[in-house]
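Engineer: Pasting the sequence and the predicted model now:
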Amino acid sequence: MRTSKNKIAIMLAVFLAVLMASQAFAAHKVEDADMTYWVKDAFLHDPLVDASKITVSTKKGIVTLSGSVDNLASKKYADLEAKKIRGVLGVVNKIGVTPSYRSDADIRNAVRRRILNSAVIESQRMTVTCLDGKVTLAGTVDSWSESEQAGLLASEVRGVKDVKNDIWLEYKTERSDQEIKNDAVAQLKRDVYLSGLPITVTVKDGVITLSGSVGNAYEKDLADSEVRYISHVKNVKNKLKVEWWENRGARKKKTWPSNDALKKAVWAELDQDTRVDALDITINVSDGHVTLNGSVANYYQKRIAGKDVRNVVGVAWVTDNLFTHVEKREDWAIRDDVQFNLDTDYILESFALNTKVIGGIVTVTGDVNTWYEKMHAGDVAVRVRGVKEVVNEITVHRNAWKQDAQLVKTVKSRLMWNWSTFKVYDKIGVTVKDGVVTLTGDVNTWSERKEAGRVALHTKGVWEVDNQLTVDGYDYPWDEYHYKWSYYEPQIDLYYDYY
């Protein structure tokens, strides 16, 4: 009798535990209506997306986007912003692209010229064709990053409706599948967003297959991009399932690696990224503070190196002292290419921007409406061959005015619904004075700090962001650390994010 009672008690305890767990899951599950609302809200604040032209619906966590936009970038960024909303399991992007008319010959010539003047693309074995505004890229390159950049440059050109990237990777040496797998497993383990998640990696003939589960649609894309830049990877088959209850690995478990361990992890991160030539980079680490010294081939590599490092588990602060070695070119040739790229860019077509070049240093002037447009113009200029530095003197006109109290509520709400910051939004203090947002408090990772600043800066009515967030558990020398995001720090995450 006693044994029977014990069994009943155990069964009852198990039932109650399952019931409580299911209730806890249900409490954290996001409703479809909430996802739809916050996806629309994200579009409303994104300078690249015209929210009035996009229809949003959600069913069982899958967001469907439809409508029509003026350029290819708006379609891609709408997809990205939707995936960044908490609870979104996937995105079906049915948005059409209807740009202003431009002849196929003009589009082809603009794409081809951008590829030829790019500081990133070395291969000349590419062909460009265009039919009814749809660009096709073909040929062979030595790395995935060159293929990626070619696609990016093509999608930026005014008048492009779509880009089909048929560029093939052609490696000059061989690597075993086991070596590629080891690098991929280590890469995922180092990432602050993917570490600890149940992701399985298999490799056959240079093709990586990812299986298992992640917490949202953006993490699925992130895992894909993390392993794609490993040397000799030919393709990635992403079979990850998105489960809304999935734990977030390193976000739950705080780690403080030793200086030596962190230095090794940072070096491995840079060494495995085919976009970065890390041979001339030196790394110093002190209690979570990583300093990069030395040189890289171009400004693109400098930015990617900084982004790589801040996503490593245990990094609390990054100082990027890298300088660039650039190809020697005549100033007139540099200016000609920079001006051409600005004039044919889909974002900047309505602005009269001017450039001058002295000793390889480009100065850009003119007027735009948003900080993103200003930073994008700088990005366009810095990717031209021969550019040593860009002095961005573009003026941003403040068009949207809102009450400070309203902005506080808006920024807090957007932090709560962002995939990266919702776990720490209650630790972030938000104050606003005359449209200038100040963020204070502690977050868990350097990447969360960066994303919080990006979310705040991309809130309509916000003029500047004074990002004073720190990473929990670390001390900061404020004289070097404290700066205003909106002026000193380029918004490179926005530019490379969807890749």
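Structural biologist: Yep, that arrived. Numbers count the residues shown, from 1 in each chain.
Engineer: quick one: the strands in the stretch 351-499 of the chain?
Structural biologist: Taking DSSP state E, counting those that start in this stretch as the criterion, the stretch 351-499 of the chain carries its strands at 354-358, 361-365, 367-368, 389-392, 395-396, 428-433, 436-443, 464-467, 470-471.
Engineer: In JSON lines: those, plus distance to residue 341 and mean pLDDT.
Structural biologist: For glycine as for every other residue, the C-beta is placed from the backbone atoms N, C-alpha and C. Formatted as JSON lines, the strands of the stretch 351-499 of the chain follow (distance: least, CB to CB, whole Å; pLDDT from 0 to 100):
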{"stretch": "strand 354-358", "distance to residue 341": "10", "mean pLDDT": "95"}
{"stretch": "strand 361-365", "distance to residue 341": "11", "mean pLDDT": "94"}
{"stretch": "strand 367-368", "distance to residue 341": "15", "mean pLDDT": "90"}
{"stretch": "strand 389-392", "distance to residue 341": "12", "mean pLDDT": "89"}
{"stretch": "strand 395-396", "distance to residue 341": "20", "mean pLDDT": "86"}
{"stretch": "strand 428-433", "distance to residue 341": "36", "mean pLDDT": "94"}
{"stretch": "strand 436-443", "distance to residue 341": "32", "mean pLDDT": "90"}
{"stretch": "strand 464-467", "distance to residue 341": "27", "mean pLDDT": "85"}
{"stretch": "strand 470-471", "distance to residue 341": "37", "mean pLDDT": "84"}
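Engineer: With distance to residue 56 and mean neighbour count as new columns, can those strands be given to me in CSV?
Structural biologist: Converted to CSV, the strands of the stretch 351-499 of the chain look like this (distance: least, CB to CB, whole Å; neighbours: other CB atoms under 10 Å):
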stretch, distance to residue 56, mean neighbour count
strand 354-358, 38, 17
strand 361-365, 35, 18
strand 367-368, 27, 17
strand 389-392, 34, 17
strand 395-396, 29, 13
strand 428-433, 26, 17
strand 436-443, 26, 19
strand 464-467, 27, 22
strand 470-471, 34, 20
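Engineer: Can you tell me which of those is nearest to residue 215?
Structural biologist: With CB to CB as the measure, strand 436-443 is the member of those nearest residue 215 (17.5 Å).
Engineer: Parallel or antiparallel, which strands does the closest one pair with?
Structural biologist: Here strand 436-443 is paired, per DSSP bridges, with strand 428-433 (antiparallel), strand 464-467 (parallel), strand 470-471 (parallel).
Engineer: Isn't residue 92 up against residue 65?
Structural biologist: Yes: assessed by CB atoms under 8 Å, residue 92 is found in contact with residue 65 at 7.0 Å.
Engineer: neighbour count winner among these two?
Structural biologist: residue 65 (22 against 13; other CB atoms under 10 Å).
Engineer: chain center to the strand or helix carrying that one: distance?
Structural biologist: Per DSSP states H and E, residue 65 falls inside strand 62-69. Relative to its parent chain, strand 62-69 has a centroid offset of 21 Å by CA atoms, centre = their mean, to the nearest Å.
Engineer: right, so of the strands paired with strand 436-443, which gets closest to residue 330?
Structural biologist: Closest approach to residue 330 among these is made by strand 464-467 (37.4 Å; CB to CB).
Engineer: Am I right that residue 275 falls within a strand?
Structural biologist: No: assignment of residue 275 by DSSP: H, G, I helix; E, B strand; the rest coil gives coil, placing it outside any strand.
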